[in-house]
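Student: My questions are about this predicted structure, shown below with the sequence.
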Amino acid sequence: MSIPRLYACALLIVATLIGAARAAVLPGPLVTPEWLAANADKVAILDVRDYPEEYRGAPTFETDAKGKKTLVEVGGHIPGARLVDFAKIRTTRLIEGRKISGMVLEASAFEQLMRQTGVRAGQAIVIASTGNTIEDFDGAARLYWTLKYYGAQEIAILDGGYVRWLDEGRPTEDAPPAVTAGDWAASAPHDDLFADTSEVQAAMSSGLQLVDARPLAFFFGLTKRPAVAAYGHIPGSRVLPTDLRAKPQGSGFRYLAVDDYRRALAGMQIEVDRPTITYCNTGHMAAGAWFILSEVLGNPAVSLYDGSMVEWADGKRPVVNSR
């Protein structure tokens with residue numbers, strides 16, 4: 001290769017690397033309030049909530065005799081954050097003649113929802129849950145999974161959610177921001193992130209790892225959700241219960257360190273690098289386990305059983321329980 005051509009190739013490689021560095025806004029799948037405050041103008045902040053009415057108003061605190069403030073109500077939101085009602089990111093589908101709730105939206109419906117929130121094509125996205133329960137984290141993870149399923153590449157979750165933002169004394173807003181419709185476009189679904197019942201049935205004999213993301217009482221069949229037809233878990237499953245997925249800190253919860261996850265999962269006999277399908281009751285908590293295995297621990301072969309126990313048990317398939 002001639003010197004001029006070699007030089008031109010080198011320049012092209014450098015330009016490509018610089019462009020990639022500029023395009024990569026997010027430091028990883030989790031960001032801190034400090035990072036978000038410094039980079040809020042570079043990302044779309046999506047505030048996903050089970051109780052949309054809390055998005056407005058102002059937070060309230062109690063102060064004890066020593067001057068320590070305690071969060072009482074989580075009203076308001078991070079400045080510029082756009083509300084996403086968790087109930088709107090899933091739907092009911094007819095599968096084998098039965099109505100299964102909590103399923104992923106069709107691409108066109110999810111695309112419309114993201115455009116309504118003002119998300120632009122190629123824009124980095126930070127998802128903030130309320131953060132005062134582990135289930136809030138799972139809701140953020142479910143939105144993250146859906147975005148990735150439909151092709152979004154730069155996505156992160158605010159570690160600790162809105163309550164951590166409040167604990168750090170950062171500013172809040174009452175009214176929603178003015179939003180211009182976005183042009184975000186859903187790609188063809190990434191089917192490697194999605195598992196259906198046939199794949200779960202095959203996993204029971206193929207050695208693929210099944211991880212139940214529900215609390216232990218559900219896993220062992222001591223209780224169940226009304227929508228689930230049977231007590232217990234899918235045969236061969238390991239369990240990653242909710243209280244091992246985050247730790248209490250401040251007014252809410254935080255994600256664990258990578259090494260802590262590795263130790264905790266090893267204790268539950270979960271292999272962090274093994275191809276895995278996560279599930280729960282309706283695919284909500286399953287997203288929390290998926291996020292930890294896939295995004296935090298970097299396992300590229302993790303999918304989510306969208307129908308989860310609602311679909312599995314409704315089909316009179318085998319379950320294991322202690323009853």
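Tutor: Done, it's in.
Student: before we move on, which element is the residue nearest to the spatial centre of the chain in?
Tutor: The centroid of the chain falls nearest to residue 141 when counting by C-alpha atoms, centre = their mean (0.6 Å). Under the criterion of DSSP states H and E, residue 141 resides in helix 134-149.
Student: After that helix, which helix or strand is next? Please name it.
Tutor: strand 155-158.
Student: rewinding a little: packing partners of the helix holding residue 141?
Tutor: Secondary-structure packing of helix 134-149 (3 or more C-beta pairs under 8 Å, 6 or more residues apart in numbering; DSSP states H and E): strand 43-49, strand 124-128, strand 155-158, helix 161-167, strand 252-254, helix 285-290. Bear in mind the C-beta positions are built from the backbone N, C-alpha and C, glycine included.
Student: Check which residues of that helix are buried.
Tutor: Of all the residues in helix 134-149, those buried under the rule 16 or more other C-beta atoms under 10 Å are 134-149.
Student: can I see the domain layout of this protein?
Tutor: Domain ranges of the chain: 26-167, 191-314, per automatic domain parsing.
Student: Out of the ones you listed, which is closest to residue 180?
Tutor: For residue 180, the closest of those is domain 26-167, at 5.8 Å, according to C-beta to C-beta.
Student: Which of the helices and strands packed on helix 134-149 has the highest mean neighbour count?
Tutor: The highest average neighbour count among the helices and strands packed on helix 134-149, using mean count of other C-beta atoms under 10 Å, belongs to helix 285-290 at a mean of 28.
Student: so where is the protein shaky, pLDDT-wise?
Tutor: Counting by pLDDT under 70, the chain contains low-confidence residues at 1-24.
Student: quick one, strands of the stretch 151-300 of the chain?
Tutor: Here the stretch 151-300 of the chain has its strands, by DSSP state E, counting those that start in this stretch, at 155-158, 194-195, 209-212, 238-239, 247-249, 252-254, 276-279.
Student: The fifth one pairs with which strands, and in what direction?
Tutor: Strand 247-249 sits in its sheet next to strand 252-254 (antiparallel), going by DSSP bridges.
Student: So what touches the strand it pairs with?
Tutor: 130-134, 136-137, 159-161, 163-164, 167, 246-247 (C-beta atoms under 8 Å, 6 or more residues apart in numbering).
Student: Please repeat the previous calculation with a cut-off of 6 Å.
Tutor: 131-132, 134, 159-160, 163, 246-247 (C-beta atoms under 6 Å, 6 or more residues apart in numbering).
Student: from the middle of its chain, how far away would it be?
Tutor: The chain centroid and the centroid of strand 252-254 are separated by 15 Å, computed with C-alpha atoms, centre = their mean, to the nearest Å.
Student: Stretch 72-88: end-to-end distance?
Tutor: 27 Å (C-alpha to C-alpha, to the nearest Å).
Student: quick one on the thing from earlier: which one of the strands of the stretch 151-300 of the chain lies closest to residue 296?
Tutor: strand 155-158 (9.6 Å).
Student: Quick check: which helices or strands does that closest one pack against?
Tutor: In terms of contacts (3 or more C-beta pairs under 6 Å, 6 or more residues apart in numbering; DSSP states H and E), strand 155-158 is packed against strand 30-31, strand 124-128, helix 134-149.
Student: what are the pairing partners of the shortest one, and which direction each?
Tutor: Read that as strand 30-31. Take DSSP bridges as the rule and strand 30-31 pairs in its sheet with strand 155-158 (parallel).
Student: what's the neighbour count on residue 97?
Tutor: Neighbourhood size, residue 97 [other C-beta atoms under 10 Å]: 5.
Student: Other residues contacting stretch 176-187?
Tutor: Stretch 176-187 has contacts (C-beta under 6 Å, 6+ apart) with 80, 82, 107, 110-111, 114-115, 118-121, 150-151.
Student: mind listing what residue 295 touches?
Tutor: Shown in contact with residue 295 (C-beta under 6 Å, 6+ apart): residue 29.
Student: For residue 241, the count of nearby residues, please.
Tutor: 19.
Student: Many thanks, have a good one.
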